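**Q** Next comes the sequence, and after it the predicted model I'd like to discuss.
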Amino acid sequence: MESALQTVVMSYIKACKGKENLDSSSFKKLVSKQLGGIMEDADSSSAVKEMQKGLDENSDGKVSFSEYLNLIGYLAKSLSQKQCGTTEAAS
Ligand SMILES: [Ca+2]
């Protein structure tokens, strides 16, 4: 579990390339590279754009670390729902 968390944090830091936030092209790269197996629309640029918009709480066009964590939380939740075989398990 610790290594999984490290992966979550390091993936973000690497994708940021020294900046504080992920811009849209870095975000798109991160999603298609790291989340292609878990997200159906990871390769669709319009879907990724929509997703980024949904995550962008302060509407600055970038994905901050806390906005990124919302995505991770969302993915973890949908994963647990799949594992449990019900849509109500983690709500
Ligand atoms: Ca933002």
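**A** Thanks, I have the structure now.

**Q** only C-alpha atoms for contact and neighbour calcs from this point on.
**A** Noted.

**Q** in stretch 21-31, what's buried?
**A** Within stretch 21-31, the residues scored as buried using 16 or more other CA atoms under 10 Å are 21, 22, 23, 24, 26, 27, 28, 29, 30, 31.

**Q** and which of those residues is nearest to the ion?
**A** residue 21 (7.7 Å; CA to the ion).

**Q** List the contacts of the closest one.
**A** Neighbouring residues of residue 21 by CA atoms under 8 Å, 6 or more residues apart in numbering: 62, 63, 64, 65.

**Q** For it, which non-adjacent residue is closest in space?
**A** residue 64 (4.7 Å; CA to CA, 6 or more residues apart in numbering).

**Q** Could you export the contacts of residue 21 as TSV, including pLDDT, neighbour count and secondary structure?
**A** Shown next, in TSV, are those (pLDDT from 0 to 100; neighbours: other CA atoms under 10 Å; DSSP: H, G, I helix; E, B strand; the rest coil):
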residue	pLDDT	neighbour count	secondary structure
62	97	22	coil
63	98	26	strand
64	98	20	coil
65	98	16	helix
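
**Q** give me the subset of these touching the ion.
**A** Applying CA under 5 Å from the ion to the contacts of residue 21, one finds that 62, 63 fall near the ion.

**Q** Check which helix or strand the residue sitting nearest the centre point of the chain maps to.
**A** In the chain, the C-alpha nearest the mean C-alpha coordinate belongs to residue 71, at 4.0 Å (CA atoms, centre = their mean). If you go by DSSP states H and E, residue 71 is part of helix 65-84.
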